[in-house]
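Trainee: I would like to see how this sequence folds:
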Amino acid sequence: DELLEHTITQFPIDTMRIYVVGLSMGGMGTLDLVSRRPQRFAAAVAICGGVNVHRLELLRGTRTRFRLIHGDADPVVPVRFSREAAAALRRAGASVEYIELPGVGHGSWYNAFRRPDFLEWLFEAKN
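Mentor: Model (predicted):
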């Protein structure tokens, strides 16, 4: 939190276009961070992550858009973590896209980053 705020004060950053992306434990951290700062981020991508879904109730009214991506054959982080997070985000009224990759294991970020619309989806978001 302090690092982000320090960076914003030190560099010419468009505060309407701050994004967060995380993989695995970083995907968990992505969802947790946005739940703590729901108005800070324009978009968040959590790849094979998850979170205590009760934290996502804090996101009611957020304008952050979410994309959750998970392989259904992930032996490290159960796919149900992302399924449950996507459902909780929807219940909170958040804009969420859930992408489940059939037959893909824990390295689902390879597929995620190869999506032709990955950067476009991210960068079109604005608070």
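
Trainee: host element of the residue nearest to the spatial centre of the chain?
Mentor: Closest residue to the average C-alpha location of the chain: Val45 at 3.0 Å, with C-alpha atoms, centre = their mean. For Val45, the host element (DSSP states H and E) is strand 43-47.

Trainee: now do Thr62, the pLDDT please.
Mentor: Confidence per residue is given as pLDDT, and for Thr62 that number is 92.

Trainee: which SS state does it fall under?
Mentor: Using DSSP: H, G, I helix; E, B strand; the rest coil, the three-state assignment for Thr62 comes out as coil.

Trainee: correct me if wrong: it contacts Leu89.
Mentor: No: the pair formed by Thr62 and Leu89 falls short of the contact definition of C-beta atoms under 8 Å, at 9.0 Å. Where C-beta positions appear, they are placed from N, C-alpha and C, glycine not excepted.
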